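**Q** missing the sequence, but the structure's below:
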């Protein structure tokens, strides 16, 4: 079941994303660190009504942010569609114990259906250049890589921007 997150979910979301960060680090992927993601970001997502969780057997096993806000860092990218009627995916995560079971696919299916149902033109996102698994995941779903951006507080390596036109 996918539902909107509440403030009472933050502790479990942080446990999940910390487990994901540890898992990625063990594989040499330094995408998330002690600064990101953090509880403040998730609280802001909840205030904006953009944070969703996927529950399985009464446990939160996945999380996704579906936003309409375009961060300034995305402005230099030459997108496939005009900016304004797009959604942005952030902080997609699945508990490492539940990875490989289709939960990330379900979260993305949910986000893409949300975009279609609400007449958005596209879905945009970024993923870490050193995370080849994520790149393959999005490319198999039909997303096109369009350019690179940098988040100095996260990594010296770029993040690749993707878009899928609906």
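**A** Everything's here; your move. Because the structure is a prediction, the values reported are computed rather than measured. Residues are numbered from 1 along each chain as shown.
**Q** Which parts of stretch 75-84 count as buried, going by neighbours?
**A** Neighbour-count burial for stretch 75-84, counted by 16 or more other C-beta atoms under 10 Å, picks out 77, 79. Glycine gets a C-beta too; all of them are placed from N, C-alpha and C.
**Q** what does it contact?
**A** 70, 86, 121-122, 124, 144, 146-147, 149, 161, 163, 165 (C-beta atoms under 8 Å, 6 or more residues apart in numbering).
**Q** again, only using 7 Å
**A** For stretch 75-84, contacts defined as C-beta atoms under 7 Å, 6 or more residues apart in numbering pick out 70, 121-122, 124, 144, 146-147, 149, 161, 163, 165.
**Q** Narrow those residues to just the buried residues.
**A** 70, 121-122, 124, 146-147, 149, 161, 163.
**Q** quick one: the closest residue to residue 131 other than its chain neighbours and residue 80, what's the gap?
**A** Spatial nearest neighbour of residue 131, chain neighbours left out: residue 29 (5.1 Å); criterion: C-beta to C-beta, 6 or more residues apart in numbering. Per C-beta to C-beta, to the nearest Å, residue 29 is found 27 Å from residue 80.
**Q** Let me know the outermost residue of the protein.
**A** residue 57 (22.5 Å; C-alpha atoms, centre = their mean).
**Q** OK, contacts around residue 53?
**A** Residues counted as contacts of residue 53 (C-beta under 7 Å, 6+ apart) are 3, 5, 9, 13, 60, 62-63.
**Q** Having no further points to raise, I will conclude here.
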